[in-house]
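[1] build me a structure from this.
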Amino acid sequence: MKTVIIKYTQRIVFVLLLLFCLPKIQQHIAAQQPSQQPPQSEVIRVQPKSPVERWLEVFEDNEYVRMIRILLVVITLTIICMVVLLIWILITRNRTMTKEIETQRLMEVFEGLLFDYLTAEYNEPVFRKIARTAKSRANREILINQIHELSKSMAMGVGGNEKVREQLKYLYTQQLHLDQDSLKKVYNPKWHIQVKGFRELAFMDITDANNKIRQTLKSKNDILRMEAQLAMIRLNKDDPFGFLDHLVHPFTLWEQLNVYELIAIHNLPVPQFSRWTSSENKTVVIFALRMIQVFKQKQAVPQIIECLRHYDKDIRKVAIYVCGEIQLRETFMHLKHMYKNEDYENCLEIVLALGKMPDESMLGFLKLVLDKEDDVVLQIEAAKAISKMGEVGIAALVKLMKSEYKNYQIIIRHVLDKRIF
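    Numbers count the residues shown, from 1 in each chain. Next comes the predicted model:
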């Protein structure tokens, strides 16, 4: 920074010297030119001109010098602006650094005070000290952030941590009334401030703004909508996942991952996701099927079978995948009958699902796929599904390999080669 200041100072000095010396340079150039002395009788004494008059005269008399002077003025003004801007940047940077240092200091102070508050048998003096320190709006915001972070670190704990969270909530709501600050954020027109309010209320289990958060579930802002969903899962104790009933916009994969993470980290009670397999929102149905697969909810077989008959091929594909992952043998006949009416991707998914739950009852169907299909990938997957049936499957493949009806040599040898699989 010092180097930059020195560089610009040198430039300014150079320009000022140039401005100062230019009249003398002009006089020197004029002296070099041959002068024509007027006759003695014509000599007229002229009063010396001021620097300002000489400046204006040069502007009027000489076009090139006038242009140089204009350029010098522009350069001078530009340098002055740059110096002013540099000073402003230095002042702003200094203020920012000072604010960051002060924020860090207050964070450490509040961290120590919160620790004393939670560990002291009589914490009234500590509370008073916290209240005095958190008088300004900026200090209250720092304190909210510290309580929020501490609450997050306690979120996975049980037992003793539950008592700590209750103490923090009492301090937050009853003593410091910081919940009013969070509620103001929820009703703020700026969406990023609303998001912060949602998070604070959710972690402190404050339900006063639930109606406002429910309204936000229909927002067109993806981030705001996702944060409202996560907040409702924590704040709606009676029906944490009830927001899925009212989703109008697509339930994006990122939102689905965040909801699943919230369930896993906070040990939330898992609902019966079969409830949402009949939703009009396609993305909600797909999410419900994925959660059925993750939590192995085999009691949802009737709803999964209904999804196998769904008009949307993407939902059918996910339902086929779920059948294979949780090995729903009750769906064998449904998978078999729907095969001929599906597109290539779903047909492949059916064969893969049957390979995940090998059963001799499907041997004839898989042999038919191997025989009738021309696609090599389908034939290989069908042969692999047959090989997973054990001795019966291996014997069937060996018999097919010796058949003269169709050449299965390459495919079956590929499947039976233990060096590959």
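[2] can you list the low-confidence ranges for the stretch 51-200 of the chain?
    51-66, 154-160 (pLDDT under 70).
[3] how about the helices in it?
    For the stretch 51-200 of the chain, the helices defined by DSSP state H, counting those that start in this stretch cover 51-61, 63-119, 124-133, 137-154, 160-170, 179-186, 191-203.
[4] please name every helix or strand in contact with the fourth one.
    Helix 137-154 sits against helix 63-119, helix 124-133, helix 160-170, helix 179-186, helix 191-203, with contacts defined as 3 or more C-beta pairs under 8 Å, 6 or more residues apart in numbering; DSSP states H and E. Using the backbone N, CA and C atoms, a C-beta is placed for each residue, glycine as well.
[5] tell me the most buried of those?
    Comparing the helices and strands packed on helix 137-154 by mean neighbour count (mean count of other C-beta atoms under 10 Å), helix 191-203 ranks first with a mean of 21.
[6] what's next to it, contact-wise?
    Residues from elsewhere that reach helix 191-203 (C-beta atoms under 8 Å, 6 or more residues apart in numbering): 144, 148, 151-152, 155, 179, 182-188, 206-209, 213, 216, 219, 221, 223-224, 227-228, 230-231, 234-235.
[7] mind checking which of the residues you listed are buried?
    By neighbour count, with 16 or more other C-beta atoms under 10 Å, those hold 144, 148, 151, 179, 182-183, 185-186, 206, 209, 213, 216, 219, 224, 227-228, 230-231, 234-235 as buried.
[8] got the contact list for the closest residue to Glu325 other than its chain neighbours?
    The shortest distance from Glu325 to any non-neighbouring residue, by C-beta to C-beta, 6 or more residues apart in numbering, is to Gln293 (4.8 Å). By C-beta under 8 Å, 6+ apart, the contact list for Gln293 reads Tyr321, Val322, Glu325, Ile326.
[9] repeat that for Met401.
    Residues near Met401 by C-beta under 8 Å, 6+ apart: Tyr408, Gln409, Ile412, Arg413.
[10] can you name the two of those residues that are farthest apart?
    Tyr408 and Arg413 (8.7 Å; C-beta to C-beta).
[11] more crowded one of those two?
    Counted by other C-beta atoms under 10 Å, Tyr408 and Arg413 do not tie: Tyr408 has more neighbours, with 19 against 13.
[12] quick check: nearest residue in space to that one, chain neighbours excluded?
    Leu400 (5.0 Å).
[13] name the helix or strand for that neighbour, please.
    Using DSSP states H and E, Leu400 sits in helix 391-401.
[14] pull out the buried positions in the helix or strand just after that helix.
    Moving toward the C-terminus from helix 391-401, the next helix or strand (DSSP H and E) is helix 409-416. Buried positions in helix 409-416, judged by neighbour count with 16+ other C-beta under 10 Å: Ile411, Ile412, Val415, Leu416.
[15] cool, stretch 307-320 as well?
    Cys307, Leu308, His310, Ile315, Arg316, Lys317, Val318, Ala319, Ile320.
[16] so which strand or helix has the fifth one?
    Mapping Arg316 onto the secondary structure by DSSP H and E places it in helix 313-325.
[17] so for the next helix or strand after that helix, what's the average pLDDT?
    As assigned by DSSP H and E, the chain's next helix or strand after helix 313-325 is helix 332-338. When pLDDT is averaged over helix 332-338, the result is 93.
[18] likewise for stretch 226-245?
    Here the average pLDDT along stretch 226-245 is 89.
[19] residues in contact with it?
    194-195, 198-199, 201-203, 205-207, 210, 213-214, 216-217, 219, 251-252, 254-255, 258-259, 262-263, 266, 268-269, 271, 276, 279, 284, 287-288.
[20] how long is it from one end to the other?
    15 Å (C-alpha to C-alpha, to the nearest Å).
[21] buried sites along it?
    226-236, 240-241, 243-244.
[22] do the same with stretch 248-261
    Going by neighbour count (16+ other C-beta under 10 Å), the buried part of stretch 248-261 is Phe251, Glu255, Gln256, Asn258, Val259.
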